[in-house]
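J.: Below are the sequence and a predicted model; questions follow.
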Number of protein chains: 2
Amino acid sequence: MVPKRFRSIKNEIRMLGIDDCRFVPHTRGTADIVGVVYRGGYWFEGIMCTKVTIDGMDATEKLATMVKISPYFGELRVIVLDGITFAGFNVVDINELYQKVDLPVVSVVREKPDLEEIRSALKNLPNFEKRWHFMLNAGELFEVETRNGENPVYVQTAGILREDAIKILKRTSTHSNIPEALRVAHIIASGLSLLIEKV
Amino acid sequence: MVPKRFRSIKNEIRMLGIDDCRFVPHTRGTADIVGVVYRGGYWFEGIMCTKVTIDGMDATEKLATMVKISPYFGELRVIVLDGITFAGFNVVDINELYQKVDLPVVSVVREKPDLEEIRSALKNLPNFEKRWHFMLNAGELFEVETRNGENPVYVQTAGILREDAIKILKRTSTHSNIPEALRVAHIIASGLSLLIEKV
């Protein structure tokens, strides 16, 4: 698929960061997903939510729908995911997500994923071939030093040139080594998990 | 009560902004409350949640408990509320909240409240005298122009000098005429309301 080419990357580029809430692994049910919209690295703009099935196959579709029905859809320029597996091993096909919403997708993780370990885990689940195909379809993993002197992050992309993805990550990682939209999505998802458990 | 005096107000002062989610008025039940922690006007730091009874009497106590059990308690310097009534007419006694958590409390609203109208509404509820006492106990309402050339906000305080409250409001109202912690608490509370209704 042909990636989008950014003519210019605004400092206040609208980015959606997506992370999942805590859930009980290996159970039937869903996990809550939180999406946070930032303008660049300092301006919180909005929030959206959905649910995906634990270890299910619906993450790509659920994320696409969440994005498309949100009031921020028209302004968004890029989606950043906390890895490509949500709610356990519900694997996002980032190329399909890109096609469905017509927005570049960037997966960012702080630890280098161990593909062999993931492959073994996926083998215990139905639809192994399909899940593994999504994993491989996410393309080459590359390292990005988003902030000088801090730990690098590991990145996969769909629908965006690598150089543009790197520029966007560096520009929006203002308070940590990951983009602010993703850092805040993670904090909110963790906080909501507590809410759901406690009250 | 003697207000706290700030020796200096840091740019990255830790502030908690509190707002309520949507709820069905005049019903039995609770409304979700969202608290957002910011460092100054640009740095999202955390989230906390609780529930208060619709038109109940437990807001002061519930907010105090939420603040005290949160991991951010030790770092917080000031609490900013979206007005002093939550979940309908569950009135916060801001002086009591100040005493309970030992943090200054600032109520900020964008529209000038009509006290006579509120008084009439409170008359339809049990414990009118107590609720009205909390309203009066919040002290004098004053106008603050947090951003040059934008609409002023209406402020009441407990445990803080007026000049300090004004400084803090001006410094943290970075993207609108209210402090960023409160603006973002409002966005998240609205977004969660949608989540609760939809899924």
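T.: On my side now, so go ahead. Numbering: from 1, shown residues only, chains lettered A, B, ... in the order given.
J.: Going by C-alpha atoms from here, please, whenever you check contacts or count neighbours.
T.: OK.
J.: A:L122 against A:G88, yeah?
T.: No. With contacts counted by Cα atoms under 8 Å, A:L122 stays clear of A:G88, the gap being 10.0 Å.
J.: Need the residues that contact stretch A:179-188.
T.: Residues from elsewhere that reach stretch A:179-188, judged by Cα atoms under 8 Å, 6 or more residues apart in numbering or on different chains: A:15-21, A:34-38, A:40-42, A:44, A:80-82, A:169-170, A:172-174, A:176, B:44-47.
J.: Now intersect those residues with the strands, please.
T.: Under the assignment DSSP state E, those contribute A:15-20, A:34-38, A:44, A:80-81, B:44-47 to strands.
J.: who's in contact with A:D93?
T.: By Cα under 8 Å, 6+ apart, the neighbours of A:D93 are A:60, A:84, A:134-135, A:137-138.
J.: Please export the C-alpha coordinates of the longest helix seen in chain A as CSV.
T.: Taking DSSP state H as the criterion, chain A has its longest helix at helix A:180-198. Below are the C-alpha coordinates for helix A:180-198, written out as CSV (Å, rounded to 0.1, in the frame of the first residue of the first chain):
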residue,chain,number,x,y,z
GLU,A,180,1.9,12.6,24.7
ALA,A,181,-1.4,11.3,23.3
LEU,A,182,-0.2,7.7,24.0
ARG,A,183,1.3,8.5,27.4
VAL,A,184,-2.0,10.1,28.5
ALA,A,185,-4.1,7.4,27.0
HIS,A,186,-2.1,4.9,29.1
ILE,A,187,-2.6,6.9,32.3
ILE,A,188,-6.4,7.3,31.7
ALA,A,189,-6.8,3.6,30.8
SER,A,190,-5.0,2.6,34.1
GLY,A,191,-7.1,5.1,36.1
LEU,A,192,-10.3,3.8,34.6
SER,A,193,-9.3,0.2,35.4
LEU,A,194,-9.1,1.2,39.0
LEU,A,195,-12.5,2.9,38.8
ILE,A,196,-14.1,-0.2,37.4
GLU,A,197,-12.5,-2.4,40.0
LYS,A,198,-13.2,-0.2,43.0
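J.: Looking at it now, give me its mean pLDDT.
T.: Helix A:180-198 carries an average pLDDT of 83.
J.: Quick check, central residue of chain A?
T.: Centroid-nearest residue in chain A: A:L81, 0.9 Å away (criterion: Cα atoms, centre = their mean).
J.: Verify the stated contact: that residue with A:G17.
T.: Yes. Counting by Cα under 8 Å, A:L81 touches A:G17, with 5.9 Å between them.
J.: Let me know the angle separating the longest helix of chain A from strand A:14-20.
T.: Put simply, helix A:180-198 runs at 30 degrees to strand A:14-20, going by axes from the mean of the first three to the mean of the last three Cα atoms, to 10 degrees.
J.: Helix A:180-198: how far from the chain's middle?
T.: Distance, stretch centre to chain centre, for helix A:180-198: 14 Å (Cα atoms, centre = their mean, to the nearest Å).
J.: And for stretch A:114-130?
T.: Centre-to-centre, stretch A:114-130 and its host chain are 19 Å apart (Cα atoms, centre = their mean).
J.: what's the answer for stretch A:132-146, then?
T.: 12 Å.
J.: CA atoms only for it - export them in CSV, please.
T.: Only the C-alpha atoms of stretch A:132-146 are listed here, as CSV (Å, rounded to 0.1, in the frame of the first residue of the first chain):
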residue,chain,number,x,y,z
TRP,A,132,0.3,-14.4,12.9
HIS,A,133,-0.4,-12.9,9.4
PHE,A,134,-1.5,-9.6,11.1
MET,A,135,1.7,-9.6,13.2
LEU,A,136,3.9,-10.0,10.1
ASN,A,137,1.8,-7.6,8.1
ALA,A,138,2.7,-4.9,10.6
GLY,A,139,6.1,-4.8,8.8
GLU,A,140,9.6,-4.2,9.9
LEU,A,141,10.2,-3.1,13.5
PHE,A,142,12.6,-0.2,13.8
GLU,A,143,14.2,1.7,16.7
VAL,A,144,13.6,5.4,17.2
GLU,A,145,15.3,7.6,19.7
THR,A,146,12.4,10.0,20.3
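J.: Which helix or which strand is home to A:T60?
T.: Element membership for A:T60, per DSSP states H and E: helix A:59-69.
J.: is that helix anywhere near chain B?
T.: No. Judged by Cα under 8 Å from any Cα of the partner chain, helix A:59-69 makes no contact with chain B; its nearest approach is 10.9 Å.
J.: That helix to strand A:14-20, inter-axis angle?
T.: Using the same axes, to 10 degrees: helix A:59-69 against strand A:14-20 is 140 degrees.
J.: List the buried residues in helix A:59-69.
T.: A:59-64, A:66-67 (16 or more other Cα atoms under 10 Å in any protein chain shown).
J.: Can you tell me which helices and strands it packs against?
T.: Helix A:59-69 sits against strand A:43-53, strand A:90-91, helix A:94-101, with contacts defined as 3 or more Cα pairs under 8 Å, 6 or more residues apart in numbering or on different chains; DSSP states H and E.
J.: Pull up the pairing partners for the first one, direction included.
T.: Using DSSP bridges, strand A:43-53 pairs in its sheet with strand A:30-39 (antiparallel).
J.: Also the second one?
T.: The pairing partners recorded for strand A:90-91 under DSSP bridges are strand A:85-86 (antiparallel).
J.: got a list of contacts for the partner strand?
T.: Here strand A:85-86 makes contact (Cα under 8 Å, 6+ apart) with A:19-20, A:52, A:54-55, A:59, A:91-92.
J.: got a list of what the residue in chain A that chain B sits nearest to touches?
T.: Of all residues in chain A, A:Y42 sits closest to chain B, at 5.3 Å by Cα to the nearest Cα. Residues near A:Y42 by Cα under 8 Å, 6+ apart: A:174, A:180, B:42-43.
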